[in-house]
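Asks: Got a predicted structure here, sequence first:
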Amino acid sequence: MPIYHTLGNIPPKRHTVFRKPNGDLYAEELVSTEGFSSLYSLVYHCHPPTIVKSIGEPYNVEPKIAREKHLRHTSLIGFNVKPEDDYLKSRKPVLVNSDLHISLAAPKKSMTDYFYKNSQADEVIFIHEGTGKLKTGFGEISFEYGDYLVIPRGTIYQLEFNDENNRLFIVESFSPIRTPKRYRNAFGQLEEHSPFCERDIKRPENLQTFDEFGEFKVLIKKQGIMYPYTYGTHPFDFVGWDGFHYPWAFSIHNFEPITGRLHQPPPVHQTFEGHNFVICSFVPRKYDYHPLAIPAPYNHSNVDSDEVLYYVDGDFMSRKSVVKGQITLHPGGIPHGPHPGTVEKSIGKEKTEELAVMIDPFRPLMLTEDALSIEDESYHKSWQVNVE
């Protein structure tokens, strides 16, 4: 989110002398994306961020593809992913392509023995169940049900959970995550017609400086490989920073829906964008108010994109037998639409309480082995009606 932010202590001018009380220099670091051509922050460390004590044996964490090419409406029962103690081990990639990976996770324990850095992707972590804190060198962000945590690539972080009941829906983007361009003016400010504004954004706070030597394990993911690094100084030794590159959060409950006299298309629900995909938020809203309006979505032929819907809560007027944590994948190339009977049932309804996250990727998604283990194999038949 391109908002200037700063925490802690920084010198009046960048790239100038900035000394500790004992006279030693703080270590300045530029954290930048897309070379030197996009968002960046300047970070001031107690110690150089380059003190590596050892590197462990790398290991492969690439998703295992089980169904590369397919043309069948698919449903995954997300809450069938079993909880696990460890955060990283609990992350199960289910739908992937060259632009993004979609994972489900049910971690029980906070990250205490190691830190994590995704060096290949921005992460959007949707909190379906659970509360806690995202902890980084930039500061802390408290999270709760309905929050999107946006963590730029290269950010070292830990997740601290308040209890063991946590369900996460995670998107890894191999391009930067941005707010929709059409909602921003030439200066990056969200415009008046945007469904959310800067006041809704949660930025890091409570910067704590950990000026510590020791052995600090950081697991770094790059090109599908996990590299166990051990650093000699604490990763959160920031004394201050400023810039535009940092983790932030936005609650789906703060998304203000755009409605109309007739059914509005999915782009009005867009919340984030990456290269070749968008992320949308479906929230409680008033239905269409034309006297002859049909609130249920019309049949739609996905020609150029797949459609993923992650069901969070509420009643869905276009689907039958929907459960929390369910994922539906409607691949490009064949039409999909409301289940039989739901169109007629929706007429005259005034509002919906549905809550869901939708992703439209413009390259086909592949299913992993973890996806097949939670698949509802009969879903593609759910539109059947008795026909003579």
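Replies: Arrived safely.
Asks: For the stretch 51-200 of the chain, which segments are assigned as strands?
Replies: 52-55, 59-60, 65-67, 74-77, 92-96, 100-105, 115-118, 122-129, 132-136, 139-143, 147-151, 156-161, 167-173 (DSSP state E, counting those that start in this stretch).
Asks: bridging residues for residue 28?
Replies: residue 44 (DSSP bridges).
Asks: what residues are up against it?
Replies: 14, 15, 18, 42, 43, 44, 45 (Cβ atoms under 8 Å, 6 or more residues apart in numbering). C-betas here are computed from N, CA, C, even on glycine.
Asks: still on that earlier bit, reformat the strands of the stretch 51-200 of the chain into TSV and put mean pLDDT and distance to residue 28 next to each item.
Replies: Output for these, formatted as TSV (pLDDT from 0 to 100; distance: least, Cβ to Cβ, whole Å):
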stretch	mean pLDDT	distance to residue 28
strand 52-55	97	19
strand 59-60	98	33
strand 65-67	97	42
strand 74-77	96	46
strand 92-96	98	36
strand 100-105	98	33
strand 115-118	98	19
strand 122-129	98	24
strand 132-136	98	18
strand 139-143	98	18
strand 147-151	98	22
strand 156-161	98	17
strand 167-173	98	28
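Asks: Now the buried members of the contacts of residue 28.
Replies: 18, 42, 43, 44, 45 (16 or more other Cβ atoms under 10 Å).
Asks: ok, and the closest non-adjacent residue to the first one?
Replies: In this case it means residue 18. Distances taken as Cβ to Cβ, 6 or more residues apart in numbering place residue 11 nearest to residue 18, at 4.0 Å, with adjacent residues excluded.
Asks: of all the contacts of residue 28, which comes closest to residue 381?
Replies: residue 43 (54.0 Å; Cβ to Cβ).
Asks: which parts of the helix or strand bottoming out on mean pLDDT in the chain are buried?
Replies: Lowest on mean pLDDT, DSSP states H and E among the helices and strands of the chain sits helix 342-346, with a mean of 80. Buried residues in helix 342-346, defined by neighbour count with 16+ other Cβ under 10 Å: 342, 343, 346.
Asks: Make a markdown table out of the residues you listed and add distance to residue 165.
Replies: Compiled in a markdown table, the buried residues of helix 342-346 are given as follows (distance: Cβ to Cβ, whole Å):
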| residue | distance to residue 165 |
| --- | --- |
| 342 | 32 |
| 343 | 37 |
| 346 | 33 |
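Asks: Output the strands of the stretch 51-200 of the chain in TSV, with mean neighbour count appended to each entry.
Replies: Output for the strands of the stretch 51-200 of the chain, formatted as TSV (neighbours: other Cβ atoms under 10 Å):
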stretch	mean neighbour count
strand 52-55	11
strand 59-60	10
strand 65-67	14
strand 74-77	22
strand 92-96	24
strand 100-105	25
strand 115-118	20
strand 122-129	22
strand 132-136	21
strand 139-143	21
strand 147-151	24
strand 156-161	20
strand 167-173	23
